[in-house]
Every structure is written in C-alpha cells, then in structure tokens.
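S.K.: only geometry, no sequence info:
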C-alpha cells in the first residue's frame, strides 16, 4: 500500500436542516484496499458513501480521491471526478429503456467520448468479468436481481474507476442471488480494486474485508481488522450491534 | 323513414356541398397537425426547463400550465379574435385558433411530461450522474426517453380532445369542417351537410385513434 490513500475522508460533516447526519468522519482507504462499513440503520453509512461522489453535498470537510479534493472545482470537474468513482446502488438503477449492452456503453460514449466499437468491446469485456456476456442483448427487466446488480457493476467498471463504492449492493436481493454478486466483488478485490462497501453481509466482511469500520450516530465508533472488530469489539455500542445482527 | 333519410342523407344536397366540406377537411387537418406539433413541442420544452428546478422559472411555468388548463379555449379564442384588434394586433381566424389551441395543448402536455419525469425513480437520475453524465445528458438520454413513453397514452388522448376543438373555429369564421357544414345547412335548409360534416370528422379522427393505439403499443418498451 502506498503512503497516499486512494480515498481519504477528512472531517466530513453532513447536515439535513437541523439534523446532523455525519459528524466529523475521518477515513482512509488505501490503494487496493477493501474497507467495509457496518452500523445500525440511520447511522449515516449510506450518506457518507454518497458524499464520496457528491450525490450528497457535504456540509463540511474534504474528500480526496487519489490526492485530489473532490469538493472543490467546477461542474465539469465534478463530472470528471465521478468517472473515477464507480457507484453501485442498492436498487441497481439500470436504465429500463436500454438493452444491457447500451446500459454499459451510454456513459462511456457520452461522458468518456469513446467511439461505439471501443465502448462495446469494453462493455463485452466487463460483462464477461461478471459472467453475463450472453445477456448483452437482453433487457434489464428480463434479468434476475442478481444479474441486474452484476450488470450495474459492469456499467461502473467500464469507466475504469479508481475507486468503487457499494451502497448495500445485496440488500434488495433474494438470499439465493446474493452469492453471485459477492463473488464478483471478491474477484474485484483480488484484482486490486479499491473498494468502500456499505453492507450487512457480515460473513463476506469477515472473509474479504481488509478493514471494518463501525459507524453509529454519524461518527466512526470503531475501526480495525475483521478479526478485531468482529472477534473482540472494543466499544459497548459495537458489541451490542454485533450481538444483534449475528 | 323516408323523412329521416331526406333530412339527414339527402344525396343531392350532399353532392352539392361535398366540395365545401372537403375543403373544410383540408383546413381542419392542417390546423390539427400544426396544433399538435406546436403544442407537444412547447409542452415538452416547458417540462424539460422545469427539471432544472429554477424557482422563479418553475413558478411561471406552473402558473401558465394552471391557467392554460383552467380557461375554456372558446373564451380565449373570442377574446383574441375580437379583443386584440382594439390594441392594434389583428390575427386571422385560423391564426387565433392555432395560437389558442396549441397554447392550451402545451399547458396540458407540460403537465403530462412533467408527471412522466417525476414518476421516474430518483435512482435513474442518480445512476446517470454517478457515471459522470452532465444533467443535460441525463435528461436527454435517460429521463426523456422514459418520460415520453409514460406520457404517450395521456398525451394522445389530450391531443385528440384539443384538435377536435378546431370546430370552435366556426364561431370566428374559419372555414373548417363544422363551419362549412353549418353554412351549407343554412343555405340548403337540410341537415344533410351536418351529417356529411360528422362523417368527415370520423374519417379524420378514427384513423388518428387507430394510429394512437399503434403508437401506444410501440412505445411500451419490451418487458419479460
């Protein structure tokens, strides 16, 4: 791991009106690291993740991607920054009016200005990586939830991001479909992608995470290796949460 | 029975006034096409502008849509046709009809397209933005195609309802179908030209309805 983190969150704050959702979050994700964020609902995990590509506008603090502060700059800088940060949503958010292939080529062509052949080749490569090359011409509605989420991952990967954000990627899936998505995420990790994952899949966290971050009430309460956080949580809040979910 | 046929289907009278009615058909079709194109296009532009969420602009758009939907078109037609010349603006009958009806359609179309935009899940916009697309690109490539599909059925109904109002042109002397038919009726003393007019409307709007059905089925995107 290099000295400079790929993603660094510094003193991040987020308020919705009077409600303080994030209070002074500090977090570093090194190159190729998979950091797993857990915590009770309402703890601000998703909000923090969404601040990392400014789908939510931070109220204070800074977020650095590969050394560059993404909270400064013009709208054009923002769009360019977002190309470097892939995002996978709980609800997949595939475009229902476009085929699987077009879902993956749209941003490549319109935002990265790749030509059609290049974008399609890249899309096919990414579909191959998530095991869905045979579904290129299918419509999103024809796919299972697990397949849709893998297409969504391929769509994000096709833009060659430096960091991938996962916002509860398996929460909307039937239990038997969760494994296929987690496998894709594990492969990604093994290939060296930098990943920040908000999820309730504790088994996956134990197996694949480099570090686990426990958030509650808008702050990072505890942080450590999976063995440390799951095996011997230091704080009472983490202990109470983990005993409830596992 | 004879008296019924004599009143409504007098062949001699019909043959005599057929050319007038046919001319009216031409005027009605031309007006209808122009009203639909202008009204739908203006409504679409207004709805797209509204997605930018600029407070004052949206206030104006909402006012326009509400007033445009609330006012009976006949009232506005009479106001424009008889009122505007007093302040030095003289518009021809067909022009008044075109302006008022396309403006009315625009008000309804704006609301229909806007309903399409708002019914899209927020995740669609977010997915587009998260992949580095600008807001205009998200609007054009992601939101608009989906909103248009949702809008087609109600839009077709509204366009039909409003283009039929070209018959209101008869009160300001536009020589569309109804106007030609009532003129012929008063000259001939027979109701047959009105029958002919009704048939002419059917001849125009039944294909329109069939076309609308085809459009609806075509615009329903493929599902499993």
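M.R.: Structure received. Note that the coordinates shown come from a computational prediction; the quantities given were computed from them, not determined experimentally.
S.K.: Make sure residue A:220 is actually in contact with residue A:28.
M.R.: No. Judged on CB atoms under 8 Å, residue A:220 makes no contact with residue A:28 at a distance of 11.1 Å. C-beta here means a position set from N, CA and C on the backbone, and glycine is covered the same way.
S.K.: more neighbours, these two?
M.R.: residue A:220 (21 against 17; other CB atoms under 10 Å in any protein chain shown).
S.K.: Can you report phi and psi for the more buried one?
M.R.: Note on residue A:220: its backbone torsions stand at phi -80, psi 120 [degrees, to the nearest 10].
S.K.: Next to chain A, which bits of chain B? Give me the list.
M.R.: With the criterion set to CB under 8 Å from any CB of the partner chain, chain B comes near chain A through B:121, B:123-124, B:126-134, B:137, B:141-142, B:145-146, B:149, B:221-224.
S.K.: Mind checking which of the residues you listed are buried?
M.R.: In terms of neighbour count (16 or more other CB atoms under 10 Å in any protein chain shown), the buried residues within these are B:124, B:126-134, B:137, B:141-142, B:146, B:149.
S.K.: Tell me the one of these nearest residue B:190?
M.R.: residue B:149 (47.6 Å; CB to CB).
S.K.: so residue A:22 is in which element?
M.R.: Secondary-structure element containing residue A:22, defined by DSSP states H and E: strand A:19-29.
S.K.: quick one: strands adjacent to that strand?
M.R.: With DSSP bridges as the test, strand A:19-29 is paired with strand A:7-16 (antiparallel).
S.K.: what's the strand it pairs with in contact with?
M.R.: By CB atoms under 8 Å, 6 or more residues apart in numbering or on different chains, the list of residues contacting strand A:7-16 from outside reads A:20-29, A:44, A:47-48, A:51-52, A:56, A:58-65, A:163, A:194, A:196, A:218.
S.K.: In ChimeraX, how would I select the buried members of these?
M.R.: For the buried members of these, the matching ChimeraX selection, counting by 16+ other CB under 10 Å, is:
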select /A:21,22,23,25,27,28,29,44,47,48,51,52,56,58,61,63,64,65,163,194,196,218
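S.K.: and the residue most central in space within chain A, what does it touch?
M.R.: Geometric centre of chain A, nearest residue: residue A:165, 1.6 Å, by CA atoms, centre = their mean. When contacts are counted by CB under 8 Å, 6+ apart, residue A:165 touches A:49, A:52-53, A:85-88, A:195-197.
S.K.: Show me the two of those that sit farthest apart.
M.R.: A:53 and A:197 (14.5 Å).
S.K.: Find the nearest non-adjacent residue to residue A:90, please.
M.R.: residue A:168 (4.2 Å; CB to CB, 6 or more residues apart in numbering or on different chains).
S.K.: where does that neighbour land on pLDDT?
M.R.: For residue A:168, the pLDDT comes out at 95.
S.K.: Next: residue A:71.
M.R.: You'll see residue A:71 listed with a pLDDT of 88.
S.K.: Correct me if wrong: it contacts residue A:56.
M.R.: No. Using CB under 8 Å, residue A:71 is not in contact with residue A:56; the gap is 11.4 Å.
S.K.: what's the closest non-adjacent residue to residue 159?
M.R.: Reading this off chain A. Nearest residue to residue A:159 in three dimensions, chain neighbours excluded: residue A:83, at 5.1 Å (CB to CB, 6+ apart).
S.K.: You answered for a different chain; I wanted chain B.
M.R.: Spatially, and ignoring its direct neighbours in sequence, residue B:159 is nearest to residue B:36 (5.1 Å; CB to CB, 6+ apart).
S.K.: what residues are up against the one you found?
M.R.: Counted by CB under 8 Å, 6+ apart, residue B:36 has contacts B:105, B:159, B:163.
S.K.: Narrow those residues to those in helices?
M.R.: B:105, B:159, B:163 (DSSP state H).
S.K.: Compare these and tell me which is most surrounded.
M.R.: Ranked by neighbour count (other CB under 10 Å), these have residue B:105 at the top, with 29 neighbours.
S.K.: neighbours of residue A:75, just the number please.
M.R.: Residue A:75 - counted by other CB under 10 Å - has 9 other residues nearby.
S.K.: Residue B:70 now?
M.R.: Neighbour count for residue B:70, taken as other CB under 10 Å: 8.
S.K.: distance of it from residue A:229?
M.R.: Look at residue B:70 and residue A:229: by CB to CB, to the nearest Å, they are 61 Å apart.
S.K.: Now do the helices in chain A.
M.R.: All helices of chain A, identified by DSSP H, fall at A:45-51, A:75-84, A:100-110, A:116-129, A:145-157, A:175-190, A:202-208, A:226, A:236-245.
S.K.: residues in contact with the second one?
M.R.: Read that as helix A:75-84. Helix A:75-84 is contacted from outside by A:53-54, A:65-66, A:68, A:70, A:73, A:107, A:111-112, A:159-163, B:129-134, using CB under 8 Å, 6+ apart.
S.K.: Just the ones of those residues in strands?
M.R.: Among those, DSSP state E puts A:65, A:68, A:163 in strands.
S.K.: can you list these in CSV and add distance to chain B?
M.R.: CSV is the format used below for the ones in strands among the contacts of helix A:75-84 (distance: CB to the nearest CB, whole Å):
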residue, distance to chain B
A:65, 13
A:68, 15
A:163, 12
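S.K.: Rebuild those residues as CSV, extending it with distance to residue B:216 and pLDDT.
M.R.: Shown next, in CSV, are the ones in strands among the contacts of helix A:75-84 (distance: CB to CB, whole Å; pLDDT from 0 to 100):
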residue, distance to residue B:216, pLDDT
A:65, 46, 93
A:68, 49, 90
A:163, 44, 96
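S.K.: and which of those residues is nearest to residue A:36?
M.R.: residue A:163 (14.3 Å).
S.K.: Contacts only, for the closest one.
M.R.: With contact taken as CB under 8 Å, 6+ apart, residue A:163 is in contact with A:6-7, A:29, A:52, A:65, A:84-86, A:194-196.
S.K.: Show me what the residue nearest to the centre of chain A is bridged to.
M.R.: Here residue A:165, judged by DSSP bridges, has bridge partners residue A:87, residue A:196.
S.K.: what's the longest helix in chain B?
M.R.: In chain B, assigned by DSSP H, the helix with the most residues is helix B:11-51.
S.K.: can you confirm residue B:175 is in a helix?
M.R.: No. Assigned with DSSP: H, G, I helix; E, B strand; the rest coil, residue B:175 falls outside any helix and is coil.
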